[in-house]
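Peer 1: Predicted model, plus sequence, below.
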Amino acid sequence: ISPHIGGLADTVNSLYAIKKLIYDEKKITFTAFLDILKNNWEGEEVLRQYILNSYVYYGNDNDEVDLIARRLLSDFADICVSYNDQCGYRFPAGVSTFGRQLEWSGKRLASPHGRKSGEVLAANCSPTPNTDKEGATAIIRSYCKADLSKLATGAALDIKLLPSSVEGEDGLQALMALMRGFVELGGFFMQPDVIDASLLREAQKHPEDYQTLSVRVSGWNARFVTLNKKWQDMVIGQIER
């Protein structure tokens, strides 16, 4: 039986925001901050924007936050393994959401890293949408700082690449180099997707013209036009910056 953790980046970023805002910078007390979250950031847009834009979150090769992710995943895996054979089963750990981030959004409350209730957040081992600012290489470096050998049943990392970045022979070589670097750093489960958000929005408007357009959805490929509007918006949201 394989327990899989979800919402990794959101948890890590929340812990990091609490550390920076409350304990390092001492801008607000923990109790006052909890009250702000209970009220879904109402009347606190300045603070929310500060948190969204002032910190370097998971997926940007920032050791301070990436090592929180490393510890969280290590502790999770150790807890899972501690239950091995207690009831005739083994419990290898893994990381995945496989689209459940859409299902979870309706029950999601405001989060410490500046997100409001109801938002669709991180998929698999990938960064929270719109927080990765330094490109695919930085995402890979953040991911590979974890002890991935403990995650025996997988830790999927979704990488979104613009078509222009992989065009021609130079683009192909760049993609090969990205994959080679991923493996050399210890990565073992990457799902690259080459797509443009503007193309997907066009496919939403004119599905009859994009019947063969495929996208990667948390572990499997799907024809974009066969997804319902919520799933399509989730895919687009993970690509847009």
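Peer 2: Thanks, I have it.
Peer 1: Who are the packing partners of the lengthiest helix in the chain?
Peer 2: For the chain, the helix with the greatest residue count under DSSP state H is helix 63-81. Taking 3 or more Cβ pairs under 8 Å, 6 or more residues apart in numbering; DSSP states H and E as contact, the helices and strands that helix 63-81 lies on are helix 8-18, helix 136-143. Where C-beta positions appear, they are placed from N, C-alpha and C, glycine not excepted.
Peer 1: Of those helices, give the one that comes closest to Tyr210.
Peer 2: Closest to Tyr210 of those, according to Cβ to Cβ: helix 136-143, at 24.9 Å.
Peer 1: and the helices and strands packed on helix 63-81 as CSV, adding mean pLDDT?
Peer 2: Listed next are those as CSV, based on pLDDT from 0 to 100:
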stretch, mean pLDDT
helix 8-18, 97
helix 136-143, 95
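Peer 1: on that earlier part again, contacts for the helix or strand following the longest helix of the chain?
Peer 2: Note on helix 63-81: by DSSP states H and E, the next helix or strand toward the C-terminus is strand 94-95. Residues outside strand 94-95 that contact it (Cβ atoms under 8 Å, 6 or more residues apart in numbering) are 2-6, 8, 73, 124-125, 151-156.
Peer 1: Okay, buried residues for the longest helix of the chain please.
Peer 2: Val65, Asp66, Ile68, Ala69, Arg70, Leu72, Leu73, Phe76, Ala77, Cys80 (16 or more other Cβ atoms under 10 Å).
Peer 1: quick one, what contacts the fourth one?
Peer 2: Spelled out, it's Ala69. Contacts of Ala69 by Cβ under 8 Å, 6+ apart are Leu8, Ala9, Val12, Tyr58, Ser142, Lys145, Ala146.
Peer 1: on that earlier part again, would TSV of the helices and strands packed on helix 63-81 with distance to Gly43 and mean neighbour count be doable?
Peer 2: Listed next are those as TSV, based on distance: least, Cβ to Cβ, whole Å; neighbours: other Cβ atoms under 10 Å:
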stretch	distance to Gly43	mean neighbour count
helix 8-18	19	23
helix 136-143	33	22
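Peer 1: Please dump those helices into TSV; it should also carry distance to Asn130 for every row.
Peer 2: TSV is the format used below for the helices and strands packed on helix 63-81 (distance: least, Cβ to Cβ, whole Å):
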stretch	distance to Asn130
helix 8-18	11
helix 136-143	13
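Peer 1: wait, which of those is closest to Lys229?
Peer 2: The nearest among the helices and strands packed on helix 63-81, by Cβ to Cβ, is helix 8-18 at 23.1 Å.
Peer 1: how about that closest one as PDB, C-alpha atoms only?
Peer 2: Taking C-alpha atoms only, helix 8-18 is exported to PDB below (Å, rounded to 0.1, in the frame of the first residue of the first chain):
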ATOM      1  CA  LEU A   8       4.200  19.400  -1.600                       C
ATOM      2  CA  ALA A   9       5.200  22.800  -2.900                       C
ATOM      3  CA  ASP A  10       2.200  24.500  -1.200                       C
ATOM      4  CA  THR A  11       3.100  23.000   2.200                       C
ATOM      5  CA  VAL A  12       6.800  23.900   1.800                       C
ATOM      6  CA  ASN A  13       6.100  27.400   0.600                       C
ATOM      7  CA  SER A  14       3.600  28.000   3.500                       C
ATOM      8  CA  LEU A  15       6.200  26.900   6.000                       C
ATOM      9  CA  TYR A  16       8.800  29.100   4.400                       C
ATOM     10  CA  ALA A  17       6.500  32.100   4.300                       C
ATOM     11  CA  ILE A  18       5.700  31.700   8.100                       C
END
